[in-house]
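Novice: Curious how this folds, go ahead:
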Amino acid sequence: TVKGNQMLKHFPDPVVETTNIQFNVSDPQPVSLAVYDITGREVRILLDKSVEADKNYDVTWNRTNDHGDRLQKGIYILRLVGEKVTLARKMTLQ
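Specialist: Predicted coordinates for the structure are as follows:
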């Protein structure tokens, strides 16, 4: 049998002020949700916790880095990593 869908998405896109990030995973596991700049440098950890299977999670992000500074316009990567999942998505900040 096929377990639930694994999903990572955000809206609005492009991001102007804030974005709502939604994800779910098909197995319970600890995950990390982070934002990376185009060079691969981690700029913000949004979530680092254990999550349940097949449950929709919502995280709101205000386009700031871990120091509270507003990120510049450009392309960023949203990445969700767990023991049994790796999902990534491109984000444009305007």
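
Novice: per-residue confidence for Lys3?
Specialist: Model confidence at Lys3, given as pLDDT, is 54.

Novice: Then Gln6?
Specialist: At Gln6 the predicted local confidence, pLDDT, stands at 88.

Novice: which residues are contacting the helix or strand where Leu87 lies?
Specialist: Under the criterion of DSSP states H and E, Leu87 resides in strand 86-93. Residues outside strand 86-93 that contact it (C-beta atoms under 8 Å, 6 or more residues apart in numbering): 6-10, 13-15, 19, 23, 35, 63, 71-80. Just so you know, the C-beta spots here come from the backbone N, C-alpha and C atoms, and that holds for glycine as well.

Novice: what distance separates that strand from the centre of its chain?
Specialist: Relative to its chain's centre, strand 86-93 lies at 7 Å (C-alpha atoms, centre = their mean, to the nearest Å).

Novice: Buried residues, that strand. List them.
Specialist: For strand 86-93, burial by neighbour count (16 or more other C-beta atoms under 10 Å) applies to Leu87, Arg89, Met91, Leu93.

Novice: farthest pair in those?
Specialist: Using C-beta to C-beta, the two most remote members of the buried residues of strand 86-93 are Leu87 and Leu93, lying 19.4 Å apart.

Novice: Thanks a lot, catch you later.
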